[in-house]
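**Q** with the sequence up front, the predicted model follows.
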Amino acid sequence: MRQTDLDGTATWSDVVAVRRDAPNVELVVHPNPCRDELFIAGGALEGEQVLVLDATGRVVMDLAKLVYGGIDVSALPSGSYSVRMTSSVGRRSARFVKQ
């Protein structure tokens, strides 16, 4: 790639190939908004860490095992949250509203 500076000098950078090992799968949660239970479409991949964070980014739930059923969110106060799923190959997240 060529970059030309304001003084007219140009430099070239190397082209680097990027390989992504994880499928680019969007994280989908439902129902949204929810009241008592939240479901992750497709569940978690093996080895993924599943966290629920509040609007400030504070971890309010840490689900140490795979999530195939619903997540009980009935104890959470009403508000905006996000589910973050992290593995060795990347991170996925989705926002939801708890009523």
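**A** Received the coordinates, thanks. A quick note: this is a predicted structure, and the numbers were derived from the prediction, not measured. Residues are numbered from 1 along each chain as shown.

**Q** show me the contacts for the residue nearest to Pro77 when sequence neighbours are not counted.
**A** Excluding the flanking residues, the one nearest Pro77 by Cβ to Cβ, 6 or more residues apart in numbering is Lys98, at 7.3 Å. (Each C-beta comes from the backbone N, C-alpha and C, glycine too.) Residues near Lys98 by Cβ atoms under 8 Å, 6 or more residues apart in numbering: Pro33, Cys34, Arg35, Val73, Leu76, Pro77, Ser78, Gly79, Ser80, Tyr81.

**Q** now a ChimeraX select for only the buried ones of the residues you listed.
**A** To isolate the buried subset of those in ChimeraX, counting by 16 or more other Cβ atoms under 10 Å, use the following:
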select :34,73,76,81
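
**Q** residue ranges for the strands of this structure, please.
**A** 2-4, 10-12, 29-30, 37-40, 49-54, 59-63, 71-72, 79-87, 90-98 (DSSP state E).

**Q** can you tell me which of those is packed in deepest?
**A** strand 37-40 (a mean of 18; mean count of other Cβ atoms under 10 Å).

**Q** which regions of this structure sit below the pLDDT cut-off?
**A** Low-confidence segments of the chain, defined by pLDDT under 70: 17-25, 42-45, 64-68.

**Q** let's see it at 80
**A** The model of the chain has pLDDT under 80 over residues 1, 15-26, 42-47, 64-69, 88-89.

**Q** now do the contacts for the residue most central in space within it.
**A** Against the mean C-alpha coordinate of the chain, by Cα atoms, centre = their mean, the closest residue is Ser93 at 1.7 Å. Neighbour list for Ser93: Leu27, Ser82, Val83, Arg84, Met85 [criterion: Cβ under 8 Å, 6+ apart].
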